[in-house]
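> Build me a model from this:
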Amino acid sequence: MAVEDYTQPVLPGEGASDYERYLRTDDLLALQKRPDDQVHRDELLFQTVHQASELWLKLSWAEAEEATRLIEHGELPAAQRLLRRAVLALQYVISQLDMLEQMSPWEYQTIRKALGHGSGFDSPGFREIRRVAPQLGQAFSALLRERSLDVVELYRSGREHEELYQLAELLIGWDEQVTLWRMRHYLVVARVIGDEVVGTQGTPVELLGGLIKQRFYPELWRARNRLTELANEED
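Purely as a prediction, here's the structure:
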């Protein structure tokens with residue numbers, strides 16, 4: 001009997017091992033500027049944070065999109081599992097912004113000149129999140145109508161509609177993480193280049209601060225106000 005040589009790759013593609021071939025590490029690690037092409041060595045940090053963020057954003061919106069389909073088919077536990085992943089992926093995006101604050105505000109000005117008109121507003125991942133978020137909300141709202149419920153009634157029903165309750169909490173949790181990302185992004189930008197300047201795309205940085213109040217699911221947030229009103233009326 002021939003003995004398999006586990007030191008040799010069996011998958012097709014480039015790379016010295018199956019790990020490298022499956023993950024396409026040669027391609028992945030070639031996506032950053034080489035040292036000779038960098039205007040400043042911190043370009044590696046800058047590109048790494050943003051490229052990694054795009055991967056996590058891709059996972060987040062893909063899971064939310066599939067969760068929408070599952071909700072439409074009544075598979076709520078499976079949808080909840082994917083939305084938990086989507087929320088966690090956004091948390092990773094937020095935490096990575098800490099790395100950008102390790103750059104010197106003055107030295108970053110050198111990198112900034114190499115960005116052209118590049119801006120976070122052009123993020124493909126965030127553009128996809130804005131696309132799938134309304135669809136997710138519409139699927140949830142349709143489910144409430146099907147059960148003859150509104151959001152306030154759902155929250156007041158106790159454990160009678162536990163799966164719907166958990167779904168509502170995951171939607172507002174996802175919305176909350178998007179808001180935290182916007183807030184954190186604004187603060188990082190303000191810390192690095194200032195909050196009274198114009199960004200690389202000609203957009204005032206203060207505009208980022210105004211986006212913090214945007215919500216994908218305002219009805220879930222408004223429901224908290226109504227619940228507090230009802231509680232006060234009962235008292």
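
> what packs against the host helix or strand of Val132?
Val132 is located in helix 124-146, with elements delineated by DSSP states H and E. Counting contacts by 3 or more Cβ pairs under 8 Å, 6 or more residues apart in numbering; DSSP states H and E, helix 124-146 packs against helix 43-72, helix 162-193. Bear in mind the C-beta positions are built from the backbone N, C-alpha and C, glycine included.

> Might you report the residue contacts of the residue nearest to Pro9 when sequence neighbours are not counted?
Distances taken as Cβ to Cβ, 6 or more residues apart in numbering place Asp18 nearest to Pro9, at 4.5 Å, with adjacent residues excluded. Counting by Cβ atoms under 8 Å, 6 or more residues apart in numbering, Asp18 touches 9-11.

> Lowest mean pLDDT among the helices and strands, pick that one out for the protein.
Least confident helix or strand, the chain: helix 205-210 with a mean of 70, by mean pLDDT, DSSP states H and E.

> Identify the residue spatially nearest to Tyr165, adjacent ones excluded.
Residue nearest to Tyr165 in three dimensions, not counting chain neighbours: Leu154, with 6.2 Å by Cβ to Cβ, 6+ apart.

> count of residues packed around the one you found?
19 (other Cβ atoms under 10 Å).

> list the contacts for it?
144, 161, 164-165, 168.

> domain ranges for the chain?
11-39, 41-234 (automatic domain parsing).

> So which of those is nearest Glu4?
domain 11-39 (12.5 Å; Cβ to Cβ).

> So, low pLDDT: which residues of this structure?
199-202, 204-208 (pLDDT under 70).

> Contact partners for the residue sitting nearest the centre point of it?
Nearest to the geometric centre of the chain sits Leu90, at 3.6 Å (Cα atoms, centre = their mean). Going by Cβ under 8 Å, 6+ apart, Leu90 touches 56-57, 60, 174, 177-178, 180-181.

> again, 6 Å this time
Leu90 makes contact with 60, 177, according to Cβ atoms under 6 Å, 6 or more residues apart in numbering.

> Tell me how far it lies from Ala64.
10 Å (Cβ to Cβ, to the nearest Å).

> What of Tyr108?
Relative to Ala64, Tyr108 is positioned 32 Å away (Cβ to Cβ).

> go on, Gly137?
Distance from Gly137 to Ala64, by Cβ to Cβ: 10 Å.

> out of those two, which sits in the more crowded spot?
A count of neighbours by other Cβ under 10 Å puts Ala64 above the other of Gly137 and Ala64, at 27 against 19.

> circling back: pull the residues that contact the helix or strand following the least confident helix or strand of the chain.
Heading C-terminal from helix 205-210, the first helix or strand you meet, by DSSP H and E, is helix 218-234. With contact meaning Cβ under 6 Å, 6+ apart, helix 218-234 is reached by 151-152, 155, 172, 215.
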